[in-house]
Structure formats: C-alpha cells, structure tokens
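# Sequence plus predicted model, see below.
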Amino acid sequence: MTPELIIFDFDGTLADTTATILRTYRMAIKEAGAAPRSDAECQATIGVPLREGFRQLYPDCTDSELDTYVKTYRHIFYANKNDLIPQLYPSVKETLEKLACMGIEMSIASSRSRDSLIEFCEATGIYGFFSLILGADDVVHPKPDPEPVLVTLKRLGRDASRSIMVGDMPVDIAMGLGAGCMTVGVTYGNSTRHDLAAAGASRIIDSMPELTDIVKSPDR
C-alpha cells in the first residue's frame, strides 16, 4: 500500500545539526559551571527534549539546576543562531521535491522547539514542503512516546497504516512503532545501523534518496 504521509525527525535526519548542538552544549555547560561532559555523552542525548538531555547528562542534579542548564543553553543558542544554521544532508531537498511530486504529504515531529524548527526550515529552504511542523513544546509527552505521531495523524486526518516515520535515533523508531506506523531509520545521523535495527526499524537506509524507493515499493 502506497504511503500517504511521511513524518520526519529533523536533527540528524533532514539537517546535520550535530556540530551545532555539541558546540552549544559545550558553551552552556561551561557558562553554567557544570562538570564537563564529552561530545559522545552529549551526542547520545540528541533526539530527546533539551531538559531530558541535561537530565541524562546530570542525573543527580536538582530541578533548579536543570532549569539553569536549559535556560543557559537556549540563551546561547538564540544569541548565536545566525552562525549556527545547519546544512541539509545530501539530496534532502531534492528528495522532498520528488516526494511532493508523488503526492506524498509530509510533516516534521521533533524534540526541538517549534520556533527553532520553523527558523531552521525557513533558513534551509524546506519550510514549504511540510503540512505540519510539530515541536517538543506542542505535546505533553515527547518522543519516544507516540504522542507526537498520534497528534500529527489526528491533525492531518491520516491513518497510521499508510504513514511512515523517518528518523536517525531509536527514540524516533519507538515513537513511530508506538503509533502503529512503518518506520525508516537513517544511518547517516547520530545512531548506528545496529541500534536502529535493535529498535525495530522496518527499513534502514544510508541516504535520503533511498526513501523514494521505499515509497514506491513499501512492502518490498
């Protein structure tokens, strides 16, 4: 059955934001006076909301400290956002154009804030491809909970059985599976083929253009 809707993660799936996130983490941790964390530790939090990311990095910190870390990160991000615009991964825009020509509706469900998503989508020239852009602040229970996908399906009037969730992290796969969607993991982001397979991804691709082949033959 040909899919009618593709829901994309943003960070690590459409755009390469890893360097931006890690740089902002380093600056925020230093400014907040927190104990240093490695880039690998910070990268492992990509895909979950910022507050949860800091909680993973500092499991013993208080709610007040968490508030400080999040506030500091966001202050640094917005103060430097003009220098932190990410680059789309190869062939992302071209693939979105092909999917649009095939009549596939597209949306975004991300753990990034909605304002940040809109700014990045506009800056990279892909905003117009999406019927809905859903950020972490648009839901009560962010990924890996299925709520972002369920909200998307409800708002767009689509059925899970004819929808695909595309993401680079196990939390993306868990979110899509929890909502009953086919899931596609991408290996070029912040996770590995092994971890995506272990999470239960229906299909795994190494480049965005491969997604059009899945749309043409979803049951292959």
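Received it, and whenever you're ready, just let me know what you need. Remember, it's a predicted structure, so these values are computed and weren't measured experimentally.
# Helices of this structure, start to end?
Listed in chain order, the helices found in the chain under DSSP state H are 18-32, 39-43, 50-57, 63-80, 92-101, 114-123, 147-156, 170-179, 193-199, 210-216.
# Pick the most deeply packed of those helices.
Across those, averaging neighbours per residue (mean count of other Cβ atoms under 10 Å) puts helix 170-179 on top, at a mean of 25. In this view, the C-beta of every residue, glycine as well, is placed from N, C-alpha and C.
# Okay, buried residues for stretch 157-164 please.
By neighbour count with 16 or more other Cβ atoms under 10 Å, stretch 157-164 contains the buried residues 158, 160, 163, 164.
# Quick check: the second one vs residue 3, distance?
When distance is defined by Cβ to Cβ, to the nearest Å, residue 160 is 11 Å away from residue 3.
# what's the burial count for residue 11?
Residues near residue 11, counting by other Cβ atoms under 10 Å, number 26.
# Just the pLDDT at it, thanks.
Model confidence at residue 11, expressed as pLDDT, equals 94.
# who touches the residue nearest to it when sequence neighbours are not counted in this structure?
Leaving aside its sequence neighbours, residue 11 sits nearest to residue 17 (Cβ to Cβ, 6 or more residues apart in numbering; 4.5 Å). For residue 17, the contact set (Cβ atoms under 8 Å, 6 or more residues apart in numbering) comprises 10, 11, 46, 86, 120.
# For residue 136, give me its contacts.
For residue 136, counting by Cβ under 8 Å, 6+ apart, the contacting residues are 49, 50, 110, 111, 112, 113, 114, 142.
# which of the residues you listed sit farthest apart?
Farthest-apart pair in the contacts of residue 136 is 50 and 114; separation 13.0 Å (Cβ to Cβ).
# In contact with residue 214, which residues?
164, 184, 203, 205, 220.
# didn't the third one look like it was pressed against residue 186?
Read that as residue 203. No: using Cβ atoms under 8 Å, residue 203 is not in contact with residue 186; the gap is 10.0 Å.
# ok, the two, which is more surrounded?
A direct count of neighbours by other Cβ under 10 Å for residue 203 and residue 186 places residue 186 higher, at 29 against 18.
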